[in-house]
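Peer 1: Sequence and predicted structure, then a few things I'm wondering about:
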Amino acid sequence: MDELEPVLADNPERLLGVVAMQAITNAVSYSLVTALEKERKMNELLREVPESPYVVSVSAFMGHLSRWRGDYKKAIEILEPVLPRMKEMSSANVYLHGLFFYGLALGETGRLQEAIHVLKDGRDFGINSGEGYSTPKVTNSIGWAYHELCQYQKAIHYNQLSLELVRETFGPGTSKLYEIESQANLNLGENYLALGDLQQAADFLESVYEKREHPDYFFSRTRWKSRCLLDMGQLELRRGNPAKAQALLGELREDGWSEKFSFKKYQVRAGRLQGNIFSAQGKDKEAEVEFTVREALHTRAFWQLALAMSLAQLTTSALTVHMIPALESFDISTGLAGFVVMFVALTSIIGRLGGGILGDYIDKRYVLAVSLAALVAGTLMFARITSVWYLIPFILLYGIGFGGSIPVRFALMGDYFGRRSFGSLLGITMTINVVFGVVAPVFAGWMFDVADSYRPAFIILGLLALAAPPLMLSIRRPTLKQRI
C-alpha cells in the first residue's frame, strides 16, 4: 500500500483513506512506531480535507492512538465530538469500539463515574443491537472502572459478564476473541490480587501467561503481554518469591515493549515493581517505591503517620492560640509571655536543623518519635508552670520538639511513599491534622470557661498526645502487598 502514496499525492482525500488503512494495519500488526508516523501524516491530510468522508473513522483511530500513547485528554478531545456521527454513520461494532476507547480515556483522567455511565449506555446499546464483538469489551471495561474505584466485587461481576457474552456469542472454547478473553482474565486476576485471594488471581493470570507465546494468541503476545508479565510479577512478589518476580520483569524488558511503544502506565508499573522487589530483598537504598494515592491509603503506615501527627497537632494548635492568655493566667506578665513565644520560635530553629540532619543518618521514625516525646513533655511542663523557672524547660522541650518534627515528617512520607503522589498525600495528611487542630483550641477555651484554668486542658491534650511517640515507632515501611 506504500506504493499508492506517490500515485495519490494529488488526491489528498483518497490518500487520507490509504494512509488511515496503513496506520490501522501497522497498529494491529505490532508495527506501532510506523503507525505513529502515519498518524502525523493523517493530521496533515485532515487539515487539507476536513470534510472528507474518512474524517470520522480517521479521527476515531487518532483518538485510539492518543489513548494508547497516554495522552488521555487529547483522546477525549478527539473522540467526544465524533461519537454521535459514528453512532449515526457507522456499524454498531465501529461505534462501540470508539465508545470503548472514549470510556477508558475518561476513566484514566479520573472521571470514573462518567466513564461507567458512558460504558453502561454502550453496553445496553450493544446488547439491544445484537453486536457481539465490542459489547464484551465495553462490559469488561465497566469492570475495569469499578476496579479503579476499589469496588472489586462489582468489577468481578462485570468481568464475568464479559466472558459470558463471549461464550454466548461464539460458543465455549472459541479462539476468535482471545483479545477480549485476555483482557477479562487479566482484570479478574488483578481484582482477586487486590482482594488478597492469590489462588484465584493465579488461576486467571496464569491462563493468559501460559498462552503468551502461542502463535494463535496474537493480541496477548503483543498488546497485553506486558500487562500480563507485570501482574504475574506482582503475584509472585505477594507469594514471597522476589526472584521469580525479578525474572518476570526481566522477560518484560527483553520483550522491549515499552521501547517499541510508550505505554507510560506500564513503564511506571515496571519501575514500581522493581522498587518493591528491591525492598523485599532488603535493598532499601535501591528501592524508591512510588505509591499512588489509592495504594498509599490502603497501607497501615499512612494512617499511623497521619494519626501520630494529628495527635501532636492537638498540643501545637492549642498552644498557638492560647499560649499568651494561658501564661497570663499562670501569673506570667504579658511582656514576658511575648518573649516566651519568641524563644519558642527561636529554639524551634535548632530543632528543625537538628532533626533534618539527624534524619539523614538515623532512622527517621526514631528522630520523629523523640521529637514528639519532647513536644508532649513540653506541653505537660507548660501545664505545671507556677513560676518563671518552669519556662526554661518548657521552651527547650517544646521548641526543639516542635521544630524537630517538621522536616522529618515530610521526609518520612517521601521515603515511604515516593515522589509520585507526595503532594496529594501531604494534602490529605494535613487535612486530617487540621481537624484535630480545629478541635483542640476550642476544647482548651471551653475547659478554661468551665474550670477557670488552662491547666486541665493542657494536661488532657498532653496525655492524649502521649500515644504519638509509640505509634510512630510502630510504623513499618509499607510495600504494595501490605493492605488494610
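Peer 2: Great, that's in hand.
Peer 1: Which parts of the stretch 101-250 of the chain are helices?
Peer 2: 112-129, 134-148, 152-170, 178-195, 198-209, 218-221, 225-238, 242-255 (DSSP state H, counting those that start in this stretch).
Peer 1: right, and the ones you listed - which one's nearest Val82?
Peer 2: helix 112-129 (14.3 Å; Cβ to Cβ). In this view, the C-beta of every residue, glycine as well, is placed from N, C-alpha and C.
Peer 1: Let's see the closest one as CSV, backbone CA atoms only.
Peer 2: Extracted in CSV, the C-alpha atoms of helix 112-129 (Å, rounded to 0.1, in the frame of the first residue of the first chain):
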residue,chain,number,x,y,z
LEU,A,112,-14.5,7.2,36.6
GLN,A,113,-18.2,7.8,37.3
GLU,A,114,-18.7,9.4,33.9
ALA,A,115,-16.8,6.5,32.3
ILE,A,116,-19.1,4.0,34.0
HIS,A,117,-22.2,5.9,32.8
VAL,A,118,-20.9,6.1,29.2
LEU,A,119,-19.8,2.4,29.1
LYS,A,120,-23.1,1.2,30.6
ASP,A,121,-25.0,3.1,27.9
GLY,A,122,-22.7,1.5,25.4
ARG,A,123,-23.3,-2.0,26.8
ASP,A,124,-27.1,-1.5,26.6
PHE,A,125,-26.8,-0.3,23.0
GLY,A,126,-24.6,-3.3,22.1
ILE,A,127,-27.0,-5.8,23.6
ASN,A,128,-30.0,-4.3,22.0
SER,A,129,-28.3,-4.2,18.6
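Peer 1: what about the residue lying closest to Ile180 once chain neighbours are set aside, neighbour count?
Peer 2: Nearest residue to Ile180 in three dimensions, chain neighbours excluded: Pro136, at 4.9 Å (Cβ to Cβ, 6 or more residues apart in numbering). Around Pro136 there are 29 other residues, counting by other Cβ atoms under 10 Å.
Peer 1: Is Arg476 part of a helix or strand, or is it coil?
Peer 2: Recorded secondary structure, Arg476: coil (DSSP: H, G, I helix; E, B strand; the rest coil).
Peer 1: tell me the angle of the one helix or strand Ala270 maps to relative to helix 225-238?
Peer 2: Using DSSP states H and E, the element containing Ala270 is helix 264-280. Relative orientation of helix 264-280 versus helix 225-238 (axes from the mean of the first three to the mean of the last three Cα atoms, to 10 degrees): 20 degrees.
Peer 1: Please pull up the helix or strand immediately following helix 264-280.
Peer 2: Remark: after helix 264-280, the chain's next helix or strand is helix 293-297, criterion DSSP H and E.
Peer 1: Distance from the chain centre to that next one, please.
Peer 2: Mean-position distance between helix 293-297 and its chain equals 6 Å (Cα atoms, centre = their mean, to the nearest Å).
Peer 1: What average pLDDT does that helix get?
Peer 2: For helix 293-297, mean pLDDT rounds to 85.
Peer 1: Also stretch 103-116?
Peer 2: Mean predicted confidence for stretch 103-116 is 91.
Peer 1: Can you pull out the residues in contact with that stretch?
Peer 2: If you take Cβ atoms under 8 Å, 6 or more residues apart in numbering as the criterion, stretch 103-116 is touched by 63, 66-67, 72-73, 75-76, 79, 118-119, 122, 138, 141-142, 144-146, 148-149.
Peer 1: Over to stretch 321-339?
Peer 2: In contact with stretch 321-339 (Cβ under 8 Å, 6+ apart) are residues 319, 340-341, 344, 382, 385-386, 388, 391, 441, 444-445, 448, 453-454, 457-458.
Peer 1: Report the buried members of those residues.
Peer 2: Neighbour-count burial (16 or more other Cβ atoms under 10 Å) applied to these gives 319, 340, 344, 382, 385, 391, 441, 444-445, 448, 454, 457-458.
Peer 1: where does the stretch 351-484 of the chain have low pLDDT?
Peer 2: Along the stretch 351-484 of the chain, segments meeting pLDDT under 70 span 479-484.
Peer 1: Surely the residue nearest to Ile180 and Arg167 touch.
Peer 2: No - contact between Pro136 and Arg167 fails when scored by Cβ atoms under 8 Å: they sit 9.6 Å apart.
Peer 1: What is the burial count for Gly91?
Peer 2: If you look again at residue 91, you'll see it is Ser, not Gly. 12.
Peer 1: Spatially central residue in the protein, please.
Peer 2: Centroid check for the chain by Cα atoms, centre = their mean gives Thr292 as the closest residue, at 2.5 Å.
Peer 1: In contact with Leu347, which residues are there?
Peer 2: One correction, residue 347 is Thr, not Leu. Ile395, Leu396, Gly399, Ile400, Gly403.
Peer 1: what residues are up against the second one?
Peer 2: Each residue near Leu396 by Cβ under 8 Å, 6+ apart is listed here: Thr347, Gly378.
Peer 1: now with 10 Å?
Peer 2: By Cβ atoms under 10 Å, 6 or more residues apart in numbering, the contact list for Leu396 reads Phe343, Val344, Thr347, Ile350, Gly351, Ala374, Ala377, Gly378, Met381.
Peer 1: ok, the first one to Gly356 distance?
Peer 2: To tie it back to what came earlier, the one meant is Phe343. 21 Å (Cβ to Cβ, to the nearest Å).
Peer 1: before we move on, back to that, between the buried ones among the contacts of stretch 321-339, which sits nearest Glu88?
Peer 2: For those, the nearest to Glu88 is Pro441 (62.1 Å; Cβ to Cβ).
Peer 1: count of residues packed around the nearest residue to that closest one once chain neighbours are set aside?
Peer 2: In this structure, Pro441 finds its nearest non-sequential neighbour in Val321, 4.0 Å apart by Cβ to Cβ, 6+ apart. Val321 has 16 neighbours, counted by other Cβ under 10 Å.
Peer 1: From Leu273, how far out is Val321?
Peer 2: Taken as Cβ to Cβ, the span from Val321 to Leu273 is 47 Å.
Peer 1: what's Cys150 sitting at in phi/psi?
Peer 2: Main-chain dihedrals, Cys150, degrees, to the nearest 10: phi 70, psi 20.
Peer 1: Show me where the stretch 51-200 of the chain dips below the pLDDT cut-off.
Peer 2: Using pLDDT under 70, the flagged stretches of the stretch 51-200 of the chain are 51-56, 171-178.
Peer 1: that older thread, just the buried subset of the contacts of stretch 103-116, please.
Peer 2: 63, 66-67, 72, 75-76, 79, 118-119, 122, 138, 141-142, 144-146, 148.
Peer 1: hang on, Val442 packs against Val435?
Peer 2: No - the pair Val442 / Val435 is not scored as a contact, 11.7 Å apart, by Cβ atoms under 10 Å.
Peer 1: Now the common contact residues for the two.
Peer 2: With Cβ under 10 Å, 6+ apart as the test, Val442 and Val435 reach no residue in common.
Peer 1: can you redo the helices of the stretch 101-250 of the chain as JSON lines with distance to Ala312?
Peer 2: Shown next, in JSON lines, are the helices of the stretch 101-250 of the chain (distance: least, Cβ to Cβ, whole Å):
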{"stretch": "helix 112-129", "distance to Ala312": "35"}
{"stretch": "helix 134-148", "distance to Ala312": "34"}
{"stretch": "helix 152-170", "distance to Ala312": "35"}
{"stretch": "helix 178-195", "distance to Ala312": "33"}
{"stretch": "helix 198-209", "distance to Ala312": "38"}
{"stretch": "helix 218-221", "distance to Ala312": "52"}
{"stretch": "helix 225-238", "distance to Ala312": "34"}
{"stretch": "helix 242-255", "distance to Ala312": "36"}
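Peer 1: Fine, thanks again, bye for now.
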